[in-house]
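*Asks:* Mind folding the following:
(2 chains)
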Amino acid sequence: MIIFLGDTNLKKIEKFVESITPRDDDFARWYTDICLGAELCSYSNVRGCIILRPYGCAVWELITAELDRRFKETGHENVKMPLFIPESMLQKEKDHVEGFAPEVAWVTHGGDEQLTERLCIRPTSEVLFCDHFAEIIQSWRDLPKLYNQWVSVVRWEKTTRPFLRTREFFWQEGHTAHATAEDAMEETLLMLDIYEEFFRNALAIPVLKGLKSESEKFAGAVRTYTVEAMMHDGKALQSGTSHYLGNGFAKAFNIQYTDKDNQLQFVHQTSWGISSRSIGGLIMVHGDDEGLVLPPAVAPIQVVIIPIATHKEGVLEAAMKLKGDLKAAGLRVLLDDSDRMPGWKFSEYEMKGVPIRLEIGPRDIVKNQCVAVSRDNREKVFIPLKNAADEIPALLAALHRRILERAEKSMMERIYDVDSLDDFAKTIEEKPGFIRAPWCGSADCEAKVKELTTATSRCIEADGEIEGRICVVCGEEAKHSVFWGKAY
RNA sequence: CGAGGUGUGGCGCAGUUGGCAGCGCGCGUGGUUUGGGACCAUGAGGCCGCAGGUUCAAGUCCUGUCACCUCGACCA
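*Replies:* A predicted model of the protein is given here:
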């Protein structure tokens, strides 16, 4: 049988061939297609490492700028610690070294010569900061020390995915030392709040905030708090953590100060971090079948201007004037006057998640207007050229609100309350999302949930309702209300 | 770490029984186009992952090795 296809069908087929994998057909492949297609990153020749390409790097730089500003506003200072940790130093805190040992990369040689002591490539820098704190802290007047660093760290992961789990990743790690446990706890919670605020207001990602269970907490911490986001496929992404370290590290590293009564005291510490993994979150929360959708705060290009029929009288001039107006208004603008077809450019910048597209062609110039199209809903509005600089910021703000609201609705609608383990297993299997269920607090029950459902405890709900409720596993009195989910 | 898969122009792939290394996209140049991924013409681009072996002859067969991908196990 011979099938004749009309022009329209041929076009559709061509487009289908060139487009990315539909999100709901194969989420994992869709994710990878976006990472590569939006030119965020490339695979490198070392397994588990990625090359951050200019566009992806620009997103990361905007993320770092947003966070760094918040850190500075709350009195933190940036430092840079070395890349290497001597093996003996790493081993000073027992829980810590046990937690990280399986994924540490080692340097054994300098040139041809074997080192007398192996050097670990930092998987995190607690011990480096501790060693340094011990040296610089003597008096209560030296406290608090509020440090942060922007570096990359290495964890020799076995299964890797771009941004979500790479062997080397970029992050910030805050490390602070305080006179009292109360001060350290206050810092721990302050940074957690800053993370939550950052995710909402910069990345338009809603998060659940809470305490990690004993088995999920950071190696060496007394308490670990987390912000957890829900991805489009219902899985959880641990997006930022804030640890209250107590004085365990201080004792291991002898970080002491003299208080006002001339007594020697150990400091109380915190550490907290957000990584380039958050870019993966951006993709998986906001992206759609056309590609990435970026919230304006971290969009390297907030507005792309696409002139139509650039050879026609006045088009390019009007586009350049528009670009100048928008730049003067403080927006990040790109004018694409390349000789690509307009349709090609539309698809390209949708793939890259540019929030607003402005079209300006001969028909608009006659009317002294341009066409603005929002990335998330493709809504078109006509804007008089002289008003563009005033009206675009409002469009950007509206886009941020819409994608945040949509993400919030999507998360809230997919948190399911269950009261039995059967119901738990059935729900997590049939309805991707989070489970909220009471828990007695025992590690055995927690492990049993994981074994039966593959879901792990994500965090303990702050003011969870547990009055009169029982643990979904053992039936004992519930101590906590816990959010559970399958996690990246 | 276990199972599977893949290595051939920049990318995606084909390459039969061993016999001149090809196709699509992309890229360069010239021109026509331009409101949802244009078209014509004309060019450039290769140690077939790497190392051995068999053969008159290897992208193709054999042995080894390396890398990457997917799914598991593991993983603050």
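
*Asks:* Okay, domains of chain A per the record?
*Replies:* Segmentation of chain A into domains, based on automatic domain parsing, reads A:34-286, A:301-397, A:415-485.

*Asks:* Switch those domains over to TSV; also include distance to RNA strand B, mean pLDDT and mean neighbour count.
*Replies:* Placement of C-beta: from N, CA and C, glycine included. As requested, those are arranged in TSV below (distance: least, Cβ to the nearest atom of the strand, whole Å; pLDDT from 0 to 100; neighbours: other Cβ atoms under 10 Å):
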stretch	distance to RNA strand B	mean pLDDT	mean neighbour count
domain A:34-286	2	94	19
domain A:301-397	2	97	17
domain A:415-485	6	93	18
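
*Asks:* if you count residues, which helix in chain A comes out on top?
*Replies:* helix A:388-412 (DSSP state H).

*Asks:* After that one, which helix or strand is next?
*Replies:* strand A:415-417 (DSSP states H and E).

*Asks:* Contacts made by that following strand with the rest, please.
*Replies:* For strand A:415-417, contacts defined as Cβ atoms under 8 Å, 6 or more residues apart in numbering pick out A:427, A:431, A:433-437, A:483.

*Asks:* Out of those, which sit inside helices?
*Replies:* A:T427.

*Asks:* Quick check: strands, which of the contacts of strand A:415-417 are part of them?
*Replies:* Taking DSSP state E, the ones among the contacts of strand A:415-417 that sit in strands are A:434-437, A:483.

*Asks:* Format the residues you listed as TSV; extra columns: distance to A:L322.
*Replies:* Shown next, in TSV, are these (distance: Cβ to Cβ, whole Å):
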residue	distance to A:L322
A:F434	45
A:I435	50
A:R436	49
A:A437	54
A:F483	47
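
*Asks:* farthest pair in those?
*Replies:* A:F434 and A:A437 (9.8 Å; Cβ to Cβ).

*Asks:* which neighbours do those two share?
*Replies:* A:W484.

*Asks:* What are the boundaries of the helices in the stretch 1-150 of chain A?
*Replies:* Here the stretch 1-150 of chain A has its helices, by DSSP state H, counting those that start in this stretch, at A:7-18, A:27-37, A:54-73, A:87-90, A:94-100, A:126-136.

*Asks:* Same list, these, but as TSV with distance to A:K386 please.
*Replies:* Output for the helices of the stretch 1-150 of chain A, formatted as TSV (distance: least, Cβ to Cβ, whole Å):
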stretch	distance to A:K386
helix A:7-18	36
helix A:27-37	36
helix A:54-73	29
helix A:87-90	63
helix A:94-100	59
helix A:126-136	54
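
*Asks:* Check the secondary structure at the closest residue to A:K367 other than its chain neighbours for me.
*Replies:* Nearest residue to A:K367, sequence neighbours excluded (Cβ to Cβ, 6 or more residues apart in numbering): A:F382, at 7.8 Å. Following DSSP: H, G, I helix; E, B strand; the rest coil, we place A:F382 in the strand state.

*Asks:* quick check, nearest of the contacts of strand A:415-417 to A:I274?
*Replies:* Using Cβ to Cβ, the contacts of strand A:415-417 come closest to A:I274 at A:F483, 19.5 Å.

*Asks:* Surely the closest one and A:A229 touch.
*Replies:* No: the pair A:F483 / A:A229 is not scored as a contact, 11.6 Å apart, by Cβ atoms under 8 Å.

*Asks:* which residues are common contacts for those two?
*Replies:* With Cβ under 8 Å, 6+ apart, A:F483 and A:A229 have common neighbours A:L208.

*Asks:* quick one: which helix or strand includes A:D419?
*Replies:* Applying DSSP H and E, one finds A:D419 in no helix or strand.
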